[in-house]
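# Quick check, what structure comes out for this input:
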Amino acid sequence: MSQSLPEIDQLLRLQAEAGPLLQMHELGAVPLGERLLPLLAFTLGPTDPALPAVGFFGGVHGLERIGSEVVVAFLRSLVTRLSWDEGLHRMLAGLRLAFFPLVNPGGLLLGTRANPRGVDLMRNSPVSADERAPALVGGQRISSRLPWYRGAAGEAMELESAALCRFVEQQLLPHRFSLAVDCHSGFGFVDRIWFPFAHTARPIAHLADLHRLASIQDRTLLHHPYTLEPQSRQYLTHGDLWDHLYLQSQARPEPVTFLPLTLEMGSWLWIKKNPRQLFSRHGIFNPLIEHRQQRVLRRHLGWLDFIARAALSHERWRPQGAERVREHEAALDRWYRRGRR
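Model (predicted):
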């Protein structure tokens with residue numbers, strides 16, 4: 001196995017430090033010249049499908065290195081706590097945690113949004129938008145030389161996209177309740193948390209659960225910076241992997257609840273503080289000054305911990321019966337109807 005990224009070395013050191021408690025999964029290897037870049041994922045906690053699970057993902061877009069760094073930092077904090085934190089061990093007795101921090105190692109190494117074959121992995125699923133998606137940014141099949149390339153029609157998903165889907169199907173979807181967090185950057189001045197759908201403006205089946213999650217987030221994380229909303233409020237896209245996986249969860253023979261979330265860190269905030277970053281394509285998507293990078297990591301690690309605790313305690317907050325109807329109506333008012341906030 002050939003490593004060419006410092007993040008891969010960090011992950012291997014964390015696995016060695018954690019020992020058998022942290023299981024490593026080799027999901028494949030991406031060829032890049034004479035190199036083979038491994039697709040490494042990790043799991044903690046029990047496999048019992050009756051227990052909840054959470055997955056953390058980063059590096060889908062190679063230019064957005066901060067997404068991988070946030071996921072690796074959260075994993076590092078957990079591994080460090082394994083040696084002394086009894087509360088963490090009690091949490092892990094009732095919760096499955098899964099990590100895929102470098103989904104697109106070739107893109108990270110090349111400094112490109114797409115993978116080495118020029119495919120945007122977040123436009124690579126077979127799902128197509130119900131309505132007109134914006135030109136190019138919504139996903140295109142014209143050429144891999146242009147951004148947001150979906151891949152050729154009828155082709156199988158890219159190796160990295162397929163690996164992510166298999167990992168979710170094996171580690172999250174068998175559980176009766178699961179959450180996923182995919183860390184990205186590069187959308188405006190606000191930190192946004194998106195949920196499906198991206199391919200249609202229709203609300204998803206678990207709208208009541210997401211509205212209640214937004215409510216406990218607002219009450220728990222006072223003065224938090226996040227705007228939680230369906231991605232369709234901003235724009236529609238073809239080929240969204242999380243739309244595809246959510247639809248897969250709905251098609252399972254046994255009923256499960258799978259709530260995929262995408263953290264879009266507002267990278268324009270970093271540009272506002274350091275306008276010189278505009279002259280670096282990496283600076284458009286990542287904080288280039290070390291103390292700002294550390295601040296970004298501190299800012300989001302608390303939210304990732306909140307998501308893990310919300311998954312563990314989902315039976316305490318998920319609405320039931322008539323509550324679901326009220327929460328669904330409130331969500332429609334908040335996110336879909338005229339005069340929405």
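# can you map out the helices along this protein?
Remark: helices of the chain, listed N- to C-terminal, are 6-18, 65-81, 86-92, 105-110, 159-171, 207-220, 241-250, 268-273, 290-312, 314-317, 322-335; assignment by DSSP state H.
# What is the shortest one packed up against?
With contacts defined as 3 or more C-beta pairs under 8 Å, 6 or more residues apart in numbering; DSSP states H and E, helix 314-317 has these neighbours: helix 207-220. C-beta: built from backbone N, CA, C; applies to glycine.
# Quick one: mean pLDDT for the helix it packs on?
The average pLDDT within helix 207-220 is 97.
# shaky segments in the stretch 1-150 of the chain?
Counting by pLDDT under 70, the ranges of the stretch 1-150 of the chain that qualify are 1-4.
# try 90
In the prediction, the stretch 1-150 of the chain carries residues with pLDDT under 90 at positions 1-5, 34, 131.
# Strands of that one, start to end?
Using DSSP state E, counting those that start in this stretch, the strands of the stretch 1-150 of the chain run over residues 23-32, 35-44, 53-58, 96-100.
# can you tell me which residues contact the closest residue to residue 95 other than its chain neighbours?
Distances taken as C-beta to C-beta, 6 or more residues apart in numbering place residue 312 nearest to residue 95, at 4.6 Å, with adjacent residues excluded. Applying C-beta atoms under 8 Å, 6 or more residues apart in numbering, we find residue 312 in contact with 52, 91, 94-95.
# If we only consider these, which is nearest to residue 334?
Here the nearest of those to residue 334, counting by C-beta to C-beta, is residue 52; it sits at 25.0 Å.
# Point out where the stretch 201-341 of the chain drops to low pLDDT.
266-299, 338-341.
# circling back to that earlier point, what about the residue nearest to residue 95, distance to residue 94?
Going from residue 312 to residue 94 by C-beta to C-beta, to the nearest Å gives 6 Å.
# What's the local residue count around residue 122?
The number of residues packed around residue 122, counting by other C-beta atoms under 10 Å, is 26.
# thinking it is in contact with residue 59, fair?
No: applying C-beta atoms under 8 Å, one finds residue 122 not in contact with residue 59, separated by 11.4 Å.
# picking that back up, so which of the strands of the stretch 1-150 of the chain comes closest to residue 244?
Nearest to residue 244, of those and by C-beta to C-beta, is strand 53-58 at 13.9 Å.
# contact partners of the closest one?
Contact partners of strand 53-58, identified using C-beta under 8 Å, 6+ apart, comprise 45, 67-72, 74-75, 95-103, 164, 167-168, 171-172, 175, 177-183, 304, 307-308, 311.
# what's the angle from that strand to helix 6-18?
Taking axes from the mean of the first three to the mean of the last three C-alpha atoms, to 10 degrees, one finds strand 53-58 and helix 6-18 inclined to each other by 150 degrees.
# Need the residues touching each of residue 312 and residue 94.
Overlap between the neighbourhoods of residue 312 and residue 94 consists of residue 52, taking contacts as C-beta under 8 Å, 6+ apart.
# on that earlier part again, just send the contacts of residue 312 back as JSON lines, with distance to residue 140 and neighbour count too.
Formatted as JSON lines, the contacts of residue 312 follow (distance: C-beta to C-beta, whole Å; neighbours: other C-beta atoms under 10 Å):
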{"residue": "52", "distance to residue 140": "37", "neighbour count": "24"}
{"residue": "91", "distance to residue 140": "43", "neighbour count": "21"}
{"residue": "94", "distance to residue 140": "44", "neighbour count": "15"}
{"residue": "95", "distance to residue 140": "40", "neighbour count": "21"}
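# And these, which two are furthest apart?
52 and 91 (10.7 Å).
# coming back round to it: output the strands of the stretch 1-150 of the chain in a markdown table; the columns should cover distance to residue 114 and mean neighbour count.
Putting the strands of the stretch 1-150 of the chain into a markdown table (distance: least, C-beta to C-beta, whole Å; neighbours: other C-beta atoms under 10 Å) gives the following:
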| stretch | distance to residue 114 | mean neighbour count |
| --- | --- | --- |
| strand 23-32 | 12 | 16 |
| strand 35-44 | 15 | 21 |
| strand 53-58 | 16 | 27 |
| strand 96-100 | 18 | 25 |
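# okay, which residue is most central for this structure?
Of all residues in the chain, the one closest to the mean position by C-alpha atoms, centre = their mean is residue 182, 0.7 Å from it.
# pLDDT wise, what is residue 188 at?
pLDDT for residue 188: 80.
# residues near it, how many?
One way to gauge burial is a neighbour count; for residue 188, by other C-beta under 10 Å, it gives 14.
# again with the one 10 residues further on
Other residues within reach of residue 198, judged by other C-beta under 10 Å, total 30.
# just to revisit the earlier point, just so I know, which of the strands of the stretch 1-150 of the chain lies nearest residue 211?
Taking C-beta to C-beta, strand 53-58 is the member of these nearest to residue 211, at 19.3 Å.
# What separation do you get for the residue nearest to the centre of the chain and residue 73?
Applying C-beta to C-beta, one obtains 16 Å for the distance of residue 182 from residue 73.
# residue contacts, the residue nearest to residue 42 when sequence neighbours are not counted?
Setting aside the residues directly before and after it, residue 42 is nearest to residue 99 in space (C-beta to C-beta, 6+ apart), at 4.5 Å. Contacts for residue 99 were tallied using C-beta under 8 Å, 6+ apart; they are 41-43, 55-57, 71, 75.
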